[in-house]
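S.K.: sequence plus the predicted model coming up.
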Amino acid sequence: MDVTIRRTCTVYGTVSFESKASPMRRTSPWATLAVLAVAQFIVVLDVTIVNVALPDISRDLTFGGDSLQWVVSAYTLLFGGFLLLGGRTADLLGRRRVFLAGLAVFGLASLGAGLAGSSDVLVALRAVQGLGGAMMSPAALSLLTVTFAPGRDRNIAMGIWGGLAGLGGTLGVVAGGILVDALSWRWVFIVNVPIVAVLVLVAPWFVAESRVVPAGGRRTFDTAGALLGTGGLLGIVLGVIRAEPLGWSSAEVIGCLVGGVLLLAAFVLVESRSSAPLVPLSLFSSRGLSLASTALALNGAAFLGMFFLTAIFLQQVRHLTALMTGVEFLPMGFAAIAAAMIASQLAGRFGTRAVQVGASVLSIAGLLLLSRAGADDGYAGHLLPGLILFGAGIVGLAVPAQIAAIADIGHDHAGAASGVVSAGYQVGGALGLAVITTLSTSRVTHLARTGSAQGDALVGGYHLGLLVAAAFAAVTLLVAIVSPRIVPTEQDRDLALSAA
């Protein structure tokens with residue numbers, strides 16, 4: 001039979017935390033960590049594993065040049081747009097329950113994506129995958145937080161959590177290459193299914209249920225806020241993408257952009273009047289949170305744009321296999337993991353602003369180097385230095401920005417602040433990817449129409465796209481320069497490292 005434990009605290013007002021665990025089940029916190037970390041691993045893996053499969057997906061399902069990005073954007077937009085609602089739903093309905101539901105949605109959508117017979121079906125199922133991730137990821141992090149008490153054990157658990165998430169991003173490109181070359185692109189999605197099935201079976205035995213009981217028992221989810229915010233962002237992204245084939249003055253593009261802005265304005269209005277908003281607008285009075293969220297959104301734009309274009313460049317221009325594409329990305333992943341560890345230490349010594357500035361410079365330098373790589377240039381001399389610098393810079397900025405975001409936020413809003421910066425990164429990535437790929441595709445089309453060979457046109461589009469990504473990184477540098485200087489505690493560094 002279940003044992004129910006209630007605790008009362010003052011986070012988000014007076015609430016009770018209720019947890020249930022069976023004495024007949026194994027509830028070792030480290031077993032719980034293993035289940036949750038593997039789940040987070042596949043969520044992160046799914047962002048990068050798909051990139052090396054994009055050329056094969058495009059050929060099989062006949063994507064247009066301006067629509068292929070939706071294979072990535074549909075996932076990140078729904079993931080970022082519903083991340084805050086997913087976290088709140090988990091708190092109120094039960095974290096394990098929502099975690100399992102998210103796993104099931106993610107697994108079923110993965111199976112459907114692997115069997116998709118058209119581009120529209122694949123994009124729709126990628127969106128459902130993102131929704132499953134938005135349910136699963138915040139629930140898993142909440143479960144991890146309530147499983148380990150503050151202190152050494154929680155810090156170790158957070159470090160393992162963050163390390164596995166980073167490893168998922170790094171291994172995704174190689175795993176994707178192996179699956180595409182050995183089997184087909186469909187297996188980059190189907191591979192999730194057996195992992196999800198095992199997690200769904202074992203999670204009830206190793207993960208205890210917990211939820212928040214609000215004062216008075218009233219549960220408020222702010223579904224309207226989530227729908228308005230996500231709908232507004234989708235409208236803007238769609239408008240940017242359709243601008244390439246239709247032109248910026250077309251009625252469809254203007255309608256999408258104006259509609260998106262109006263929906264976002266309605267989102268702000270709803271949040272300002274809600275008794276339990278997804279995003280308390282008072283959070284943005286914090287200079288650290290506002291600037292860090294902006295920096296992370298720009299960081300996400302540069303990263304997703306660079307990753308998307310480079311994966312296509314390596315296969316369509318340099319004619320590498322999917323596996324070799326993944327292998328060539330590996331040094332960037334290793335540099336990112338090393339930078340996460342070093343940045344947390346440097347932030348403690350020199351403050352967050354100096355580390356953000358230095359990391360932004362590395363990102364810009366890496367992108368500028370990559371923008372000079374040609375179809376026949378050597379990997380070691382032209383691509384490798386840029387990949388290493390960019391990998392170090394992109395994560396080297398994320399760690400101190402995470403620290404700065406929550407430094408002056410009270411404990412009662414720490415969860416909401418973490419959700420804001422996480423969602424900002426995902427949504428910024430989707431919007432930036434739309435801008436970068438639209439401009440890159442326009443450049444390819446222009447060069448092809450003016451007589452350039454197809455290979456030369458693709459190289460020209462790749463170079464322009466990376467220069468636009470470098471422009472995003474340059475704006476990130478300006479934001480970093482005016483950001484507050486914060487010297488974090490050891491616990492702040494551990495939490496930021498786990499979230500980076």
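M.R.: Cool, the structure landed. As the structure is a prediction and not an experimental result, all values here were calculated from the model.
S.K.: all contacts plus neighbour counts: C-alpha atoms, from now on.
M.R.: OK.
S.K.: which ones are touching Pro385?
M.R.: Each residue near Pro385 by Cα atoms under 8 Å, 6 or more residues apart in numbering is listed here: Gly366, Leu369.
S.K.: give me the three-state assignment for it.
M.R.: Under DSSP: H, G, I helix; E, B strand; the rest coil, Pro385 falls in the helix class.
S.K.: poorly predicted segments of the protein, please.
M.R.: 1-27, 64-66, 145, 149-170, 210-221, 244-245, 406-419, 487-500 (pLDDT under 70).
S.K.: pull the longest helix from it.
M.R.: In the chain, assigned by DSSP state H, the helix with the most residues is helix 414-449.
S.K.: now for the following helix or strand past that one, which elements pack on it?
M.R.: On the C-terminal side of helix 414-449, the closest following helix or strand by DSSP states H and E is helix 454-481. If contacts are counted by 3 or more Cα pairs under 8 Å, 6 or more residues apart in numbering; DSSP states H and E, helix 454-481 sits against helix 287-312, helix 352-370, helix 414-449.
S.K.: now the strands: where do they sit in the protein?
M.R.: Using DSSP state E, the strands of the chain run over 3-9, 15-21, 209-213.
S.K.: quick one: contacts for Ala134?
M.R.: Each residue near Ala134 by Cα under 8 Å, 6+ apart is listed here: Leu78, Phe79, Gly80, Phe82, Leu83, Leu84, Gly86, Gly87, Gly102.
S.K.: again, but for Thr32
M.R.: Residues near Thr32 by Cα under 8 Å, 6+ apart: Leu144, Thr147, Ala203, Phe206, Val207.
S.K.: name the member of the residues you listed that has the highest neighbour count.
M.R.: Val207 (28 neighbours; other Cα atoms under 10 Å).
S.K.: out of the contacts of Thr32, which is nearest to Ala276?
M.R.: Leu144 (23.9 Å; Cα to Cα).
S.K.: for the closest residue to the closest one other than its chain neighbours, grab the count of nearby residues.
M.R.: Nearest residue to Leu144, sequence neighbours excluded (Cα to Cα, 6 or more residues apart in numbering): Leu33, at 6.6 Å. Other residues lying near Leu33 total 23 when counted by other Cα under 10 Å.
S.K.: ok, Leu33 to Gly386 distance?
M.R.: 35 Å (Cα to Cα, to the nearest Å).
S.K.: buried stuff in stretch 173-190?
M.R.: 173-180, 184-190 (16 or more other Cα atoms under 10 Å).
S.K.: Gly117: how many residues sit nearby?
M.R.: Gly117: 12 neighbours (other Cα under 10 Å).
S.K.: contacting residues around it?
M.R.: Contacts for Gly117 (Cα under 8 Å, 6+ apart) come out as Leu61.
S.K.: how far away is it from Ala124?
M.R.: In terms of Cα to Cα, Gly117 sits 12 Å off from Ala124.
S.K.: skipping its backbone neighbours, what lies nearest Gln316 in space?
M.R.: Distance criterion Cα to Cα, 6+ apart; nearest residue to Gln316, sequence neighbours excluded, is Pro55 at 7.4 Å.
S.K.: quick check: that neighbour touching Ile312?
M.R.: Yes. Assessed by Cα atoms under 8 Å, Pro55 is found in contact with Ile312 at 6.4 Å.
S.K.: neighbours around Arg121, how many?
M.R.: If you look again at residue 121, you'll see it is Val, not Arg. 15.
S.K.: what does the one 3 residues further on give?
M.R.: Summarising burial for Ala124: neighbours were counted as other Cα under 10 Å, giving 19.
S.K.: skipping adjacent residues, who's closest to Leu263 in space?
M.R.: Closest to Leu263 by Cα to Cα, 6+ apart is Gly232, at 4.7 Å.
S.K.: middle-most residue in this protein, spatially?
M.R.: Nearest residue to the geometric centre of the chain (Cα atoms, centre = their mean): Gln426, 4.2 Å.
S.K.: which residues sit in contact with that residue?
M.R.: Listed by Cα under 8 Å, 6+ apart, the contact partners of Gln426 are Thr76, Leu77, Phe79, Gly80, Ala297, Gly300.
S.K.: which residues does the second one contact?
M.R.: Read that as Leu77. Ala127, Gly130, Thr230, Leu233, Leu234, Gln426, Val427, Ala430.
S.K.: which of those residues ranks first by neighbour count?
M.R.: Gly130 (31 neighbours).
S.K.: my guess is that one contacts Ser73. True?
M.R.: No. Gly130 is beyond contact range of Ser73, at 9.5 Å (criterion: Cα under 8 Å).
S.K.: circling back: which ones among the contacts of Thr32 map onto helices?
M.R.: Per DSSP H, the subset of these in helices is Leu144, Thr147, Ala203, Phe206.
S.K.: how close does the nearest residue to Ser293 once chain neighbours are set aside get to Ser290?
M.R.: Spatial nearest neighbour of Ser293, excluding adjacent residues (Cα to Cα, 6+ apart): Val421 at 5.0 Å. Distance, Val421 to Ser290, by Cα to Cα: 9 Å.
S.K.: any common contacting residues for the two?
M.R.: Common contacts of Val421 and Ser290 (Cα under 8 Å, 6+ apart): Ala405.
S.K.: and these two? which has more neighbours close in?
M.R.: Comparing Val421 with Ser290 by neighbour count (other Cα under 10 Å), the higher total belongs to Val421, at 25 against 18.
S.K.: thought the more buried one was touching Ala405?
M.R.: Yes. When contacts are counted by Cα under 8 Å, Val421 is listed as touching Ala405 (7.4 Å).
S.K.: and Leu108, what does it touch?
M.R.: With Cα under 8 Å, 6+ apart, Leu108 has these contacts: Val193.
S.K.: no, scratch that, I was asking about Ile190
M.R.: Ile190 makes contact with Ser110, Leu111, Ala113, Gly114 under the criterion Cα under 8 Å, 6+ apart.
S.K.: so can I have JSON lines of the residues you listed showing neighbour count and distance to Asp60?
M.R.: Converted to JSON lines, those look like this (neighbours: other Cα atoms under 10 Å; distance: Cα to Cα, whole Å):
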{"residue": "Ser110", "neighbour count": "27", "distance to Asp60": "18"}
{"residue": "Leu111", "neighbour count": "20", "distance to Asp60": "17"}
{"residue": "Ala113", "neighbour count": "25", "distance to Asp60": "13"}
{"residue": "Gly114", "neighbour count": "21", "distance to Asp60": "12"}
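S.K.: in helices only, show me those.
M.R.: The helices, defined by DSSP H, take in Ser110, Leu111, Ala113, Gly114 from the contacts of Ile190.
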